[in-house]
Every structure is written in C-alpha cells, then in structure tokens.
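# how would this look folded up:
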Amino acid sequence: MTTKKALLMLDYQVALCEEGPHLRMPPLAAQVAERGVLATAGKVLASARAAGVFVAHVRLAFDPSYRLRTNRLPRFDPYEEQRAMLADSPEAQIVRALAPVAGEPVIDKGCVDPFVGTPLRDVLAAEGVTEVVLGGVATNLVVESAARHASDSGLQVIVVEDMCASFRADFHAFSVANMLPLFGSVTSSADLHF
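Numbering: from 1, shown residues only. As a prediction, this is how the structure comes out:
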C-alpha cells in the first residue's frame, strides 16, 4: 500500500504562541519561544509545501453562539464567558509565520481533539492520506489527542518533537517519552523526510 502523508499544523494560534495583547496562555507562549517552535514549524511547513504534501491547519475557534463548542467541561466555560477565541478575532488566528496559503484548509474545532466535531478525518480520507505528521501546542493536549484519534482511526502517526511545546517543559518531556510513542513514532525535524 502506498503511503500518503499529510502535515497537520495544530493550534499555532496568536493567543497561544505569541507575546502581545492577544496572549491568553503566557506559560505556553514562553515555552514556544524558548524551544524555537515557530521557527522549526516554519521550516517543516516549507519542506512539506515544497514536497507537495497535503497541509491542514487546525485551530480552536468558536462561532458567536458558542453552541458548536463540543467540550462542555467547566474548564472551557471562560471562553464563552469572556467571548474569547471567536473565529474572526485576532487571538484565534494562526500566527503569521505559519499562515495558511491557498489550498490549505483551516479546520475549526470546539474542543481539544482536532477530529471531534470537525470534518478532518473525512478530509484526510478524501485526500487518500494514510499517515499524518503532527506538530502543535500543547504537546500533552492537542498533539496527544490528535495522535490517539488518528491511530485509532487507522492512520500512521509521526510526531515532530521540536514542533511541539507545552505549558511546562516537564509536561512536554513526559508526553514525548511516555505517551506519544504509544500512538506513533516520535522524531525530530532534522530526521523528518517528506
């Protein structure tokens, strides 16, 4: 069977990754900066595009009613209470350095898992994708959720460790060493080949 890869860019959003007026998660943005995640993700994204690999961007973004929010835990309540991460707000946008180009879909989700309540799995199937390459923030949230769901859906999974960060370095390290290898392979951007 022929392998067809897709690169999934997970939650590289202004509110999560960039210092400034729209930042919602300072510890996460600090780890993103310390680890050089955006620069690494930019290099991988450029390589994928040059190789003609299908790229999809995923982001946490809500409609004005917040009724499409699939995660109804109290932890997600502040988004609605603060009218945060609305789809058209500056904070919900993908960071400029990793902005989608023509032909790259942006999938909006209302929870941690990028497959729940979205067309992502169907889109990958329509593209004939058999293997997903994952990078994103936070490692122990969206990246782990994506790896679990993708592997359970029959996809092969590769996680690019240096495209990821979490709120704390030890959260990232634990996920990379103990959780992600259960659902796929973990590699570095230097060892990734499209």
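# Please make it C-alpha for all contacts and neighbour counts, starting now.
Will do.
# Low-confidence ranges, the protein, go.
Residues of the chain meeting the criterion pLDDT under 70: 1.
# which one's the longest helix in it?
Taking DSSP state H as the criterion, the chain has its longest helix at helix 37-50.
# Residues touching it, excluding its own?
For helix 37-50, contacts defined as Cα atoms under 8 Å, 6 or more residues apart in numbering pick out 7, 32, 54-55, 97-98, 135, 162-165, 189, 194.
# What about these, which are in strands?
7, 54-55, 135 (DSSP state E).
# For the longest helix of the chain, C-alpha coordinates in CSV please.
The C-alpha coordinates for helix 37-50 follow below in CSV (Å, rounded to 0.1, in the frame of the first residue of the first chain):
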residue,chain,number,x,y,z
VAL,A,37,8.9,26.0,18.0
LEU,A,38,7.6,28.5,15.4
ALA,A,39,10.9,28.7,13.5
THR,A,40,11.1,24.9,13.4
ALA,A,41,7.4,24.6,12.4
GLY,A,42,8.1,27.1,9.6
LYS,A,43,10.9,25.0,8.2
VAL,A,44,8.9,21.8,8.3
LEU,A,45,5.9,23.6,6.7
ALA,A,46,8.1,24.9,3.9
SER,A,47,9.5,21.4,3.3
ALA,A,48,6.0,19.9,3.2
ARG,A,49,4.9,22.5,0.7
ALA,A,50,8.0,22.0,-1.4
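# How about it, which residues are buried there?
37-41, 44-45, 48-49 (16 or more other Cα atoms under 10 Å).
# next one: stretch 126-138
Buried, per 16+ other Cα under 10 Å, within stretch 126-138: 129-138.
# which residues sit against that stretch?
3-12, 16, 28, 41, 54, 142-143, 146-147, 150, 154-161, 163-167, 172.
# List only those of the residues you listed flagged as buried.
4-12, 16, 28, 41, 54, 142-143, 146-147, 150, 155-161, 163-167, 172.
# Let me see the ranges of the strands in this protein.
5-10, 54-60, 106-109, 131-136, 156-160, 185-187.
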